[in-house]
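Sequence first, then the predicted structure:
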Amino acid sequence: MKSKAVATFVLLLFGVIALSHASQRSPSQSLPTSLDGKAYEIVSASGKPLLREVPTELPVLFYAGNSSNGIYRAYTTLSVYDEFAPNGRTAVTSKAMRSMNAPHLVPSGDLVVEDGSGGHWRVNDDLQFVVAAAWSPTDANALAFTFSSGSDYGVAVVDLRSKTTQVLRDTGILPDRVAWSTSGKAVQFYEEAGTVVRAESPGEEVARFALAKEDVPGAHNAREGWSPQLPRPETSKTTVTENQAFTIELSDGSQIKGDNLLGRTELQLFSPLDKSVQTVTADIIVGVSAAGLAYKQVSAAGSEIYFLDRHGRVTRLAASSSLVRYFLPFMPFASPGLTVTQSGSGYSPQCSVWDHTGTMAYAYDMQAKAGNEVIESAADGTVVYLMKSVTCNSLDKGTDGTKCADYSSTCTGSTSNSGWGNVVILQHADGTWTKYTHLKYGAVLPPSTGVSIAVGCEMAREGHTGATTGNKNGCGDHLHFQRQVSGALSGSSTSIAFADQATNPLRCISYTSGNQARSCLFR
């Protein structure tokens, strides 16, 4: 009897250990997400995925879910645009937002923690515009987040007990995703790992990313597997392409392979026996659970949340109309005001010049009529990336022996911002971004990141910084414009419809902007 009891105890002990290890390996069964300013959790009920709303004190842009003890929840917030308030916005409660008639919502960059009893507080400092966040799986008081601090992105950890923040990296981070090791000893993220030059635009580069980690304070030499919430990017130098491939491992041995880490991607589900089961298109990966993968599709009309289970079944969980209306990013001063000189392969053939492919498949190059080069914000938003120091052009040498007056053969790499020149990136209330590049040196107006602006605010002037070529001003002055599903400088473009134009996508003809010309205060 005694030996039987010992054997039973040993079996129970190994069972507990096995369950412990399984729980460390298994991804969360509840996936946090957000839509239309509300927080949600994707849960499983009777084997089917369901979307459950989570009440929050403030409107939500990015929802990070609950702490490991279930006491706290964390999210970034939306505010109401207010030109006369600090940083151009004022806080608003969820209840007040629902009673407003079409409020001008903008991202705040504030990472808020609330305890479920009505108490909430901001945990990031004034110079950190938070993009994404994740709770430690073992410490209910530890929260990691990515942030913009100007012309780069970093990652940090905040300790709620001491209310202290430690920056782990302040440059070279992909801001879209962050996770923890299973024991909570290290923060995991993507770091820049070189660049690849675009085939159609030799002066412009796309960043490559690799998995990276930093041990948290007090933990040293943490050796653990990667979080299932971070797809593994392809880093092989023999297959380097503009769209970076990646793989997602599911708990049953299935794999999901994608072709673009920076945004819109084709996801292909393979069984444990490496048989292709299902193929879907995703713009944003929400998260991985034991049952499958949640993702978002973003269109000009709005966003949809889907769940792909490990058997290949696809369930649409929610859909919403866009919170944001977009307008042509030029001042309505001269008529016609601008011409589209290049479109993208993601649209049906609309332009005689069709140059943008890959991550720029939904991008536009726009050239204004002389005297109408003012660039305006296409929608209400907040500045999350800002580069205004580029003075040169690396591409236009001239075809007749002359060259652009600002041409410099050394205007490459960090000097020219990978060919983009001077840049403003805005984040919007629908969770997407708009990017404005090649802006004129000395004409970029926002003083810093974290400043919110309204649609129609003058931001800059069309220019030729970075890598441009063409006839206008001898340097190819134009605006490269795209809506993105990633905050990265080389983030993937997605489709956009302009509210001031009757026909979308745009064709290569002259347009008069219906945007609102306004001079905005930058506080």
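Happy to help now that I have it.

Who are the contact partners of residue 89?
79-82, 106, 108, 382, 452 (Cβ atoms under 8 Å, 6 or more residues apart in numbering). Placement of C-beta: from N, CA and C, glycine included.

swap the cut-off to 10 Å and go again
Each residue near residue 89 by Cβ atoms under 10 Å, 6 or more residues apart in numbering is listed here: 77-83, 104-110, 380, 382, 450-453, 523.

Residue 497 now?
Residue 497 touches 299-301, 322, 325-326, 483, 503-506, counting by Cβ under 10 Å, 6+ apart.

repeat that with 8 Å
300-301, 326, 504-505.

cool, residue 150 as well?
Applying Cβ under 8 Å, 6+ apart to residue 150 gives the contacts 385-386, 448-449.

Which of the residues you listed are buried? Put it as a PyMOL command.
Filtering the contacts of residue 150 down to the buried ones (16 or more other Cβ atoms under 10 Å) takes a single PyMOL command:
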select buried, resi 385+386+449
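
can you count the residues close to residue 471?
Using other Cβ atoms under 10 Å, residue 471 is surrounded by 10 other residues.

typo on my end, it should be residue 391
14.

thought it was touching residue 441?
Yes: applying Cβ atoms under 8 Å, one finds residue 391 in contact with residue 441, separated by 4.8 Å.

Would you confirm that residue 469 contacts residue 396?
Yes: using Cβ under 8 Å, residue 469 makes contact with residue 396 at a distance of 4.2 Å.

Neighbour-wise, which one of the contacts of residue 497 leads?
Within these, residue 326 tops the neighbour count with 24 neighbours, counted by other Cβ under 10 Å.

Give me the phi and psi for it.
phi -110, psi 140 (degrees, to the nearest 10).

Tell me the spacing between it and residue 375.
Distance from residue 326 to residue 375, counting by Cβ to Cβ, to the nearest Å: 14 Å.

domains for the protein, by residue range?
57-230, 231-321, 338-511 (automatic domain parsing).

For the last one, what is the distance to the chain centroid?
Yep, that's domain 338-511 we're talking about. Its chain's C-alpha centre and that of domain 338-511 lie 18 Å apart, by Cα atoms, centre = their mean, to the nearest Å.

Residue 95 should be in a strand, yeah?
No: according to DSSP: H, G, I helix; E, B strand; the rest coil, residue 95 belongs to no strand; its state is helix.

Got the confidence number for it?
Reading off the confidence values, residue 95 has pLDDT 89.

Residue 291 is in contact with residue 311, correct?
No: at 9.3 Å, residue 311 and residue 291 do not qualify as touching, with contact defined as Cβ under 8 Å.

Between these two, tell me which one has more neighbours.
The residue with more neighbours, out of residue 311 and residue 291, is residue 291; 24 against 13, by other Cβ under 10 Å.

Contacts only, for the more buried one.
Contacts of residue 291 (Cβ under 8 Å, 6+ apart): 29, 44, 47, 49, 307, 309-310.

same thing with residue 330?
337-338, 366, 368, 372, 374-376, 479, 513, 515 are the contacts of residue 330 under Cβ under 8 Å, 6+ apart.

Tell me the one among the contacts of residue 150 nearest to residue 216.
For the contacts of residue 150, the residue nearest residue 216 by Cβ to Cβ is residue 449; the value is 25.7 Å.

any idea whether that closest one is helix, strand or coil?
Looking at residue 449 with three-state DSSP, the answer is coil.

and it, what is it in contact with?
The neighbourhood of residue 449, defined by Cβ under 8 Å, 6+ apart, consists of 129, 148-150, 383-386.
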